[in-house]
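Chemist: Sharing a sequence plus its predicted fold:
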Protein chains: 4
Amino acid sequence: MQLGMIGLGRMGADMVRRLTKGAQQCVVYDVQPAAVERLKQEGVAGATTLEDFVAQLDKPRAVWLMVPAAVVDATLEKLVPLLDPGDIVIDGGNSYYHDDIRRSEELGARGLHYVDVGTSGGVAGRERGYCLMIGGEAGVVQRLEPIFATLAPGAGAAPPTPGRGTGSANGSANSASTAEQGFLHCGPQGAGHFVKMVHNGIEYGMMAAYAEGLNVLRHADAGRHARDTDAETSPLRRPELYQYDLNLADIAEVWRRGSVVGSWLLDLIAGSLAGDAELANYTGRVSDSGEGRWTVAAAIDEGVPTPVLSAALFARFSSRGNADFANRVLSAMRHDFGGHVEKSATPDSEQKR
Amino acid sequence: MQLGMIGLGRMGADMVRRLTKGAQQCVVYDVQPAAVERLKQEGVAGATTLEDFVAQLDKPRAVWLMVPAAVVDATLEKLVPLLDPGDIVIDGGNSYYHDDIRRSEELGARGLHYVDVGTSGGVAGRERGYCLMIGGEAGVVQRLEPIFATLAPGAGAAPPTPGRGTGSANGSANSASTAEQGFLHCGPQGAGHFVKMVHNGIEYGMMAAYAEGLNVLRHADAGRHARDTDAETSPLRRPELYQYDLNLADIAEVWRRGSVVGSWLLDLIAGSLAGDAELANYTGRVSDSGEGRWTVAAAIDEGVPTPVLSAALFARFSSRGNADFANRVLSAMRHDFGGHVEKSATPDSEQKR
Amino acid sequence: MQLGMIGLGRMGADMVRRLTKGAQQCVVYDVQPAAVERLKQEGVAGATTLEDFVAQLDKPRAVWLMVPAAVVDATLEKLVPLLDPGDIVIDGGNSYYHDDIRRSEELGARGLHYVDVGTSGGVAGRERGYCLMIGGEAGVVQRLEPIFATLAPGAGAAPPTPGRGTGSANGSANSASTAEQGFLHCGPQGAGHFVKMVHNGIEYGMMAAYAEGLNVLRHADAGRHARDTDAETSPLRRPELYQYDLNLADIAEVWRRGSVVGSWLLDLIAGSLAGDAELANYTGRVSDSGEGRWTVAAAIDEGVPTPVLSAALFARFSSRGNADFANRVLSAMRHDFGGHVEKSATPDSEQKR
Amino acid sequence: MQLGMIGLGRMGADMVRRLTKGAQQCVVYDVQPAAVERLKQEGVAGATTLEDFVAQLDKPRAVWLMVPAAVVDATLEKLVPLLDPGDIVIDGGNSYYHDDIRRSEELGARGLHYVDVGTSGGVAGRERGYCLMIGGEAGVVQRLEPIFATLAPGAGAAPPTPGRGTGSANGSANSASTAEQGFLHCGPQGAGHFVKMVHNGIEYGMMAAYAEGLNVLRHADAGRHARDTDAETSPLRRPELYQYDLNLADIAEVWRRGSVVGSWLLDLIAGSLAGDAELANYTGRVSDSGEGRWTVAAAIDEGVPTPVLSAALFARFSSRGNADFANRVLSAMRHDFGGHVEKSATPDSEQKR
C-alpha cells in the first residue's frame, strides 16, 4: 500500500524504513530537504515541496504526519488545501486527543478522514516494531491495515496470552482483534491518542518506581556516613542496618531474569547502569513532554484517583527546580515558629548524590 | 549438590521439583506429613521429623527454609540445636532483613552460616526459574552455587545487555557476575532480602501505575453518564471529551508488543482481562505482605524520597477501608464550615465501578 | 450603598443580613419566592421577578450573583438583557476562573462590568465576616468598596502582622492594601476566583493533614488487636509500641492553645469530636466541589508540583469508591503472579473503623 | 512548685522565665555556665554542676530535661545516679516515643518516675504559652499540674468549643479535662511524645499545603513567559489563562480574616512575605527533625494511609537533593528509549524561581 510520510525526524525516517522493508510504498516529505535526500538515497520516493509530495500520491491519498505536536496544526493548514475528499490524514505523533477531536471535525467538514495513532517504541521501533493505538472511523482504519501491520511488531513479538482468542461468553476476549499483532483500533477519533496518553502516564509511574527503588538501594550504605547530630537533622537510629554497598548494575541485570519486575524499561536501565553505574552524564533535570500531565488532567476530570501517576509527574517538576519557592516558604515558616536556620548545601553528610 | 528443604508450600515444593529436575539432590521436610508424602511419591527423599531430616543430610549440611516469615524463628529454634558447626542455613522466604542480621549473628555464634535469599518468580517460577537475590559470606554463597544456578532461570532467559561483560574501566559492568544467570550475591547477610524488599517496593509502584492507568481508561466514557449538578459535585465541563468505550483487554494485549510499558506484569494483566474484563471475581481489597512497608521505612531512614512507592502502598491501605476514619473527619469538617451534607453512596452517577 | 442580590440560599441570605446590619441597602431576588419572602419579613426590599428586581435598582446598578456555579450562565442569560451599560455584575459564588474570563469579555462587549469574588467564610460568615478575594477592573472594584468592607470581617478580626504597613523598600508590604480588612483586589477578571480556587486547594491539603494525623492517633492501639499472621498480612513487629487509647476530642482541644497546628479548621474538628468522637454520623464519602481539581489542573499547566494538594484530592476520590477498579486490577495481579487470594472484609483484625 | 530545668537553650530558658513569672520556683543547669549565669542574673537559682543542681532541689525532686533528643540518654546517664526513688524526670524535648518507653522502664527499675512532654509553641511560647502533650503515670502527672498549668497558655487563649464540658452521654466530651487550659495527660509513658509526633506530622502537611498553594499563585503569570516549544517541553495550551501577577503578601494577609485557611502558621507566612515576598534569604533546603518521619513510620506500622503527610515529608527530602540519583535514572531511561537529551538548567523559560 502507498503512504505519504511528512516528517522525517528520528521516528518518521525509521518508520519509512520499516515500511519500505515490509514492501509498502512510501513517498516522503520534510521541511528540511536534506532529510528527504537521505531517504531518497535509500531508494524511497521523496518530494521537497508539499505540492510535489501530494502529486506523487495516488487518490484516495493516505498521508501520515510524524511531526512535533506543536506544528501539526501549522502543517495541516498547508496540507489540507492540497487534498481531495476521501483522502486520509493520519497524525502519528504525540498530539493531545482534544486536538484530534477538533481536527477530525474540521477535516471532516471538507470530506477528509482523520486518524490518530499513538505510536510507542521509540528509537528501538525500527527493529522491534511499533505498538500502534489507533482512533478513527472503522472503515478508514481498516483501509490502512497493511500499513499498521507492517509497522507493528507482529504476533511473534510476545507469547500468546492464555485465555484470549477462545470466543469466551463474556466477550472480553476478542478473537478478531489485531491486538495480538501489535496494533489496535481503540475507538473513534482521539481514542488512539487517549490510549497512548494513558500509556505514557503509566510509563511515568513505572519509571519512577524503578528510579525510587534504585535510589533506596544506592543509599543502603547510609549507616557508613556520619550524619550531623544537630537539631536540624534527624539521626539514623540504627546505622548497623545500612551498611550495604550494592552493585546497582548487577542488581538491575539479575532482575531481568525470572523476577516480577522484569520489563523492557528494566532492560534499558540495566544497559545504562552497565555503561556507568553513577549515571554521571546526567544531571537529573527530567523533562516531561505532556502526556503525563494530560493523563492526570483526564483522571481529575473523570474523578479517578491517580496518586502514583501524579507523584511521578510532580517528581519531574521538582527535578527542574519548580518547587523552589514552595521550599523557601517552608524554610521561612520553620524559621519563624521555631527559630530554625537553614542548613547549607555543602557538605551534606546525609547523602551521596 | 545436596540440599535440605524445610517448608513444602506452593513455593518450596516447586523449588524442590526444579532442583530435582536439574539433577540436584533434595531431602524435604514439612510440619504437614502429607506435603512430604506428595514429594516422596515424586521420588524425593523426605522426613517427617526434623531429627530424621537432619540425619539424612551430609555434613556440612545445607538447609533451605521456605516457610512464612512469621515462623522462621520458631523453626530455627528447633532446627539449630540439631545442626553442627559449618552447616549452612538459608532463609529463602520473605524475611525482614533486620531479622537476617540478627539471626546471622545468633547462628554465627554457634559456628553456623546464615544465607538470606530473596526469591522472586511466584507460581510461574517452577518453569521460568527463580530470580535469586543473595546475602551472606562470599565463600558460603559460592559453595551453594550449584543450587542457585539450578533454581535460577539461566542466561538464556533474557537477551544480553549491551555494554556488560566488557571489563569496562569504571567497574560498573561486572564480567564475573552471575547476574546474567539470574542469581546474584548482593552483599553480606541481609543484603539479599534488602534487595528483594526494594524489588517488591518497585513491584508495588509498577502495579499501581498499571492499575491507575487502566482505571483512567475504564472511565473514558465519563461523559456519557449524567453527573449530579448539585453543590457537592464537581461537574464535568466537557462531556464530549469522555465518550470512549475502550476495550481494556485488547489494550493490555496490544501494549505487550513493542510498547514502552511492556513487562511480565502486563502479560499477567492481559491474561486477567482476557478472562474477565470486569474482574468481577475481585472485590478490590488489596493485601500487602510487608515488603512495601519496609521499603518505605528504609527510604525514610535513608532520607530518600519515595513518593510513588508510598502512594502505591497507601492505596492498598485505603482499599481495605483503613482511611475510613480520616474520611469521616473530612466530612465532618465540610459539614461544620460549609453546611455540606454527605451524599449517599447509591446511586453514584459519577462512576461505574 | 445599594446592592442587588440574586440567590438567597445559605450564603446569599446571610450576606444580605450582614450587609443590611452594616447599613447597606439590599434588593433581593430568588427563583423561589419563599426565600424572597423570608428576607422581606426581615425588612429587606425584594422582588419575585427579575424585571421587578432590576427596576428597583438605581443606575449604575450593582448586582451580586450568589447562585451555584452551574447556573450562573443561565442566570446571566436572563439578567443581562435587562441591564444597562455601566452596570456591574458580581459573581460571588464558586465559578471556575476560566468562566470569569469568558464572561467578562461577553459582558464587556455590552458595556457591562464583571467582577468575580471568591467568598470564604461558610456558615459562620454572617457573624465572623467573609474573606473576599476580588478580580476585576480597579475602578469598578473601588466603587464597590462599601459593600466589600461591610461583608469582610474588618481589621479587628486578626492582630496586625509585624512588618506590614511600613512602606518597606522592596514593595512587598502594601500599606495601602485593604487586605487587613479582609478583602483584596487581587487582579483583573478571574483573579478573585483564581485565588479562591487555590485557597480551597490549600484547604483540602490542610483538612487531609488533620484527618490523616487523627487517624494515626486513633490507631495508636493497634498493638492491642490481634492481627492475622497469614502470608497476606504484614505483622506488627512491636505491638508494645501501639498500646495507646487516645482521646481524640481532648487532643484536638489541647492543640487549640499554643500549638503550631492551631487553626479555625482545628476549632471545628474539636467541636465535631466533642459531639461524637467516633463521628458515627458520617460514612466517609467525601465530596469535592471542584476547586481542588482546578487547583491541581492549574499546577499542572504551570509545571508546579503539588503532591500534597493532589494526594488530598485523590483521597476524596477514593473515599467515594472511585479506585475500586484499580484495586481489583491489583488483586488480580497478586493472584496471578503469587497465587494470593483476596482476604474477605470481615472481620478485619487489623483495624477498627 | 519547684522544678529543676536542665538545658537552657532557646526553649528551656524561655520556659524558666515563664515559670518564674508564674510564681513557680526554678533551679537551672546547663553544660554551658554562661547560660546558667544569664538566668541567675534574672534572679533564678542556678548550678554549674549536676551535683550542685540536684542538691538544690527538694525531694521528691522534679527535673525537666530540655535538651536535644540526641543527648537525652547521655544526660540521664549522669543525672540518674544522683537521684533518689520517688524523684520525677521529665523529658520535654523532641524524643522519639520508643525511647520514652525504654527509658521509663529503665528509670522505673530504680524507683524513678518518667514523664514525657511534647512541647509545642516554639519561640513564641514564652508569651503565648506552650501546648503540652503529656505521657506518664496519672498520679505523677497530677503532681506536676502547677508546672504544666503555668507553662500552658490557659483557657483564655481560645474561645470555648461548643459542645464540650457538658458531660454528654457518649463520653467524648470530657468536662474534667485540662485540654481547655492547653495541657493534657494523653496516656502512659510515651503517649505525650506520640501525640506530639503526630502533631508535627500534621504540621508538615499543613505547611506543605500552604507552600504548594502559594507556589501555584506565584506562577499564575506562567502565560507571560515564553516556554520552549521543543519535544522536551510540554507547551502551555492557553497562555491567556495565566496572566496574573499576584501579590502573595497581600493574599496571605487577607486570608487571615474570615477565611477557612486561617491559622497561626498563616500568620507567620503573612509576616515572612511582608518582609520579603521573594523570600530571597532562603535557599529552599528544608530540614526535617524526625517527627514527620516517625509519624509516617507509625502510620505504616498501623496500616493507616498517610499520603499527604508522606508527600510533605518527601518534598523536604527532595528539597535537599536526595532525589538526584532517581532523577538521573529517569533521564537515562528517557535517553535510552526515546533518544531524549537532557535540557540544561539555564535559562529555563518555564519558571521563575
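Modeler: Noted; the coordinates are in hand.

Chemist: And stretch A:259-266, end to end?
Modeler: Stretch A:259-266 has an end-to-end distance of 11 Å (criterion: Cα to Cα, to the nearest Å).

Chemist: same deal with stretch A:121-135?
Modeler: Stretch A:121-135 has an end-to-end distance of 18 Å (Cα to Cα).

Chemist: And chain B, is that stretch touching that?
Modeler: Yes - using Cβ under 8 Å from any Cβ of the partner chain, stretch A:121-135 reaches chain B at A:G121, A:G122, A:G125, A:R128, A:G129, A:Y130, A:C131, A:L132, A:M133. In short, each C-beta sits where N, CA and C put it, glycine included.

Chemist: State the helix or strand in which the last one lies.
Modeler: It stands for A:M133. Under the criterion of DSSP states H and E, A:M133 resides in strand A:131-135.

Chemist: Looking at the residues of stretch A:121-135 next to chain B, which two lie furthest apart in space?
Modeler: A:R128 and A:M133 (15.9 Å; Cβ to Cβ).

Chemist: who's more crowded, those two?
Modeler: Between A:R128 and A:M133, counting by other Cβ atoms under 10 Å in any protein chain shown, A:M133 is the more crowded of the two (28 against 20).

Chemist: Wait, the more buried one touches A:V195, no?
Modeler: Yes - with contacts counted by Cβ atoms under 8 Å, A:M133 reaches A:V195, the gap being 4.1 Å.

Chemist: Check which element follows the biggest strand by length in chain A along the chain.
Modeler: The strand that spans the most residues within chain A, counting by DSSP state E, is strand A:113-120. Following strand A:113-120 in sequence order, the next helix or strand is helix A:125-128 (DSSP H and E).

Chemist: mind checking how far that next one is from the chain centre?
Modeler: Taking Cα atoms, centre = their mean, to the nearest Å, one finds the center of helix A:125-128 at 15 Å from the center of the full chain.

Chemist: tally of neighbours for A:E42?
Modeler: A:E42 has 12 nearby residues by other Cβ under 10 Å.

Chemist: Setting aside sequence neighbours, what's the nearest residue to it?
Modeler: A:R17 (7.0 Å; Cβ to Cβ, 6 or more residues apart in numbering or on different chains).

Chemist: Any chance you could list what contacts the helix or strand where that neighbour lies?
Modeler: Taking DSSP H and E as the definition, A:R17 sits inside helix A:10-21. Contact partners of helix A:10-21, identified using Cβ atoms under 8 Å, 6 or more residues apart in numbering or on different chains, comprise A:3, A:5-6, A:8, A:26, A:28, A:30, A:35, A:38-39, A:42-44, A:64, A:66-67, A:92-93, A:119, A:123, A:125-126, A:129-130, A:147, A:150-151, D:339.

Chemist: Adjacent strands (with direction) for the helix or strand following it?
Modeler: Downstream of helix A:10-21, the next assigned helix or strand under DSSP H and E is strand A:25-29. Strand pairing for strand A:25-29, using DSSP bridges, gives strand A:2-6 (parallel), strand A:45-47 (parallel).

Chemist: which residues touch the residue of the stretch 101-250 of chain A found nearest chain C?
Modeler: Closest approach between the stretch 101-250 of chain A and chain C, counting by Cβ to the nearest Cβ: A:P162, at 10.1 Å. By Cβ under 8 Å, 6+ apart, A:P162 lies in contact with B:G271, B:A274.

Chemist: what's it sitting at in phi/psi?
Modeler: Note on A:P162: backbone dihedrals following degrees, to the nearest 10 are phi -60, psi 140.

Chemist: Surely A:V254 and B:G182 touch.
Modeler: Yes - with contact defined as Cβ under 8 Å, A:V254 reaches B:G182; the gap is 6.2 Å.

Chemist: shared neighbours of the two, anything?
Modeler: Residues touching both A:V254 and B:G182 (Cβ under 8 Å, 6+ apart): B:C131, B:L132.
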